[in-house]
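**Student:** quick one: sequence and predicted model below, then my questions.
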Amino acid sequence: MKTILVVEDEQGINEMVCDYLEALGFSTLSAGNGVEGLKLFRNHPVDMVLLDIMMPGLDGTEVLREIRREGNTPVIMVTARTGESDTVLGLELGADDYIAKPFSMKELAARVRTVLRRSEPAGSGTSEEDSSGEILTIGELVMDRSRHSVTVRGASAELTAAQFDILGKMMKSPGRVFTRMDLLQSFQEDPYEGYERSIDVHIKNIRKLIETDPAHPEYILTVWGVGYKMQDPE
């Protein structure tokens, strides 16, 4: 049974989300503020964190910073529709996805399941796609899908689940130009156009991890007005 940590200071929303997730078969832990959320995260094994951004005291972005210092546990940020800058910051800090308030429980469930599924190593699935092409290599960039690992120039690169899926899709088709929506569909079952710009943030973070000089990338190139493509720098 997967355990989800819900960090939300609005008690009504917190209880509603926990009740709904438990009805779907998940186990939940509940925190009403960032300090309590970090304490639970550090003291209990969790499979995912549902993290509100706007909380008094220690807000969601600070909690996310701490979570990312300690590992790549999947995180979905919860944000107000007008909080675009907060959303971008959350993604830059390594959030896997975000959902805007007010949200439906159906949408929440879909996003939770998608993030949890893509955080599993490719070898844990049963589909033909999961069982083939487990090792992808471009130049000095190597992805092992079965181990959910990436190395570049022999050093390990710690990617979030979303970053891993985006990079994997591009590495499987070097030279192909991907639109933002193409890449969004690699990790969202029901992509929304309003989420397309989040791809730019994910690409920026991936470049920081794999490029020698992120300002002058050799692997992931921008195709202006269209999207991005992967190339072999050699």
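**Tutor:** Structure received.

**Student:** so Q163 is in which element?
**Tutor:** If you go by DSSP states H and E, Q163 is part of helix 161-172.

**Student:** which strands and helices sit next to the next helix or strand after that helix?
**Tutor:** Per DSSP H and E, the first helix or strand lying C-terminal to helix 161-172 is strand 177-179. If you count contacts as 3 or more CB pairs under 8 Å, 6 or more residues apart in numbering; DSSP states H and E, strand 177-179 packs onto strand 227-230. No exception for glycine: its C-beta is placed from N, CA and C like everyone else's.

**Student:** what packs against the strand it packs on?
**Tutor:** helix 161-172, strand 177-179, helix 180-184, helix 198-210, strand 220-223.

**Student:** again, 6 Å this time
**Tutor:** With contacts defined as 3 or more CB pairs under 6 Å, 6 or more residues apart in numbering; DSSP states H and E, the packing partners of strand 227-230 are strand 177-179, strand 220-223.

**Student:** could you pull out the strands for this structure?
**Tutor:** Counting by DSSP state E, residue ranges of the strands within the chain are 3-7, 27-31, 48-52, 75-80, 97-101, 135-138, 141-144, 149-152, 155-156, 177-179, 220-223, 227-230.

**Student:** could you give me the average pLDDT of the shortest one?
**Tutor:** Average pLDDT, strand 155-156: 90.

**Student:** lowest-scoring secondary structure element of the chain by mean pLDDT?
**Tutor:** Using mean pLDDT, DSSP states H and E, the weakest-scoring helix or strand in the chain turns out to be helix 128-131, at a mean of 41.

**Student:** and I199, which of the strands of the chain is closest to it?
**Tutor:** strand 227-230 (8.0 Å; CB to CB).

**Student:** distance from that closest one to the middle of the chain?
**Tutor:** Relative to its parent chain, strand 227-230 has a centroid offset of 19 Å by CA atoms, centre = their mean, to the nearest Å.

**Student:** now do stretch 166-175
**Tutor:** The gap between where stretch 166-175 is centred and where its chain is centred comes out at 17 Å by CA atoms, centre = their mean.
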